[in-house]
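In: only geometry, no sequence info:
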């Protein structure tokens, strides 16, 4: 027989992650919304960088990452579903600024020069480093919050962002930086 709660008996305090971490889970969810906006913004802006790049290797690297970025958007939508939330984008001021910085580099350099290529690579790497920091931090939070399935998804994207950064470095090291150093 179930004992009736009269309100006079002390309730046992039990600590669970959901009792201790509502603010952390809210921060995590808010950060997912921020990253969702950022990835969607990249899907729209990367084609401009592809068009501005002259070197075939750089165009190919950015094009491949554009396809990965579309996959990252889908993964974030999967994370929303696992969190029981609708995909909602929250404007990411950091990504907006990084993308704008890349646009300024393109506007301020001469088409067809290695200097422009280096600028595009630098802008791309700044974006990748922001994403690496974001996905890395969210991966850690997912583990802290006891969300292993979400952590696994974030880890997969994190590794792809790290690989994209390395690919951009390789493109720069394959003569583009040296060519730019020779330009007047």
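Out: Structure received. A quick note: this is a predicted structure, and the numbers were derived from the prediction, not measured.

In: Give me the distance between the residue most central in space within the chain and residue 152.
Out: Centroid-nearest residue in the chain, with C-alpha atoms, centre = their mean: residue 131, separated by 3.4 Å. Relative to residue 152, residue 131 is positioned 17 Å away (C-beta to C-beta, to the nearest Å). Heads up, the C-betas are built off the backbone N, CA and C, glycines and all.

In: again with residue 146
Out: For residue 146, the distance to residue 152 - C-beta to C-beta - is 13 Å.

In: Could you list the low-pLDDT ranges of the chain?
Out: 1-21 (pLDDT under 70).

In: What are the boundaries of the strands in it?
Out: Using DSSP state E, no strands are assigned anywhere in the chain.

In: quick one: the helices in it?
Out: 17-20, 22-52, 56-83, 93-108, 114-144, 148-171, 177-182 (DSSP state H).

In: tell me the most buried of those helices?
Out: Among the helices of the chain, helix 114-144 has the highest mean neighbour count (mean count of other C-beta atoms under 10 Å), at a mean of 20.

In: For residue 119, which non-adjacent residue is closest in space?
Out: Once flanking residues are discounted, residue 119 sits nearest to residue 105: 3.8 Å by C-beta to C-beta, 6 or more residues apart in numbering.

In: List the residues that contact the one you found.
Out: Going by C-beta atoms under 8 Å, 6 or more residues apart in numbering, residue 105 touches 116, 119, 120, 122, 123.

In: The second one contacts residue 103, correct?
Out: No. Contact status for residue 119 versus residue 103: not in contact, 10.6 Å apart, counting by C-beta atoms under 8 Å.

In: Next, report how far stretch 148-158 is displaced from the centre of its chain.
Out: Its chain's C-alpha centre and that of stretch 148-158 lie 12 Å apart, by C-alpha atoms, centre = their mean, to the nearest Å.

In: just stretch 130-150 next, same as before
Out: Using C-alpha atoms, centre = their mean, the offset of stretch 130-150 from its chain centre is 11 Å.

In: Excluding sequence neighbours, find me the nearest residue to the residue nearest to the centre of the chain.
Out: Nearest one to residue 131, counting by C-beta to C-beta, 6+ apart, is residue 161 at 4.5 Å.

In: any idea how far the one you found lies from residue 56?
Out: Taking C-beta to C-beta, one finds residue 161 at 23 Å from residue 56.

In: cool, and residue 126?
Out: Plainly put, residue 126 is 23 Å away from residue 56 if you go by C-beta to C-beta.

In: follow-up on the earlier one: my guess is the residue nearest to the centre of the chain contacts residue 162, does it?
Out: No. Under the criterion of C-beta under 8 Å, residue 131 is not in contact with residue 162, lying 9.3 Å apart.

In: Could you pull up the residues touching the closest residue to residue 41 other than its chain neighbours?
Out: Leaving aside its sequence neighbours, residue 41 sits nearest to residue 95 (C-beta to C-beta, 6+ apart; 5.5 Å). By C-beta under 8 Å, 6+ apart, the contact set of residue 95 is 37, 38, 41, 42, 127, 130.
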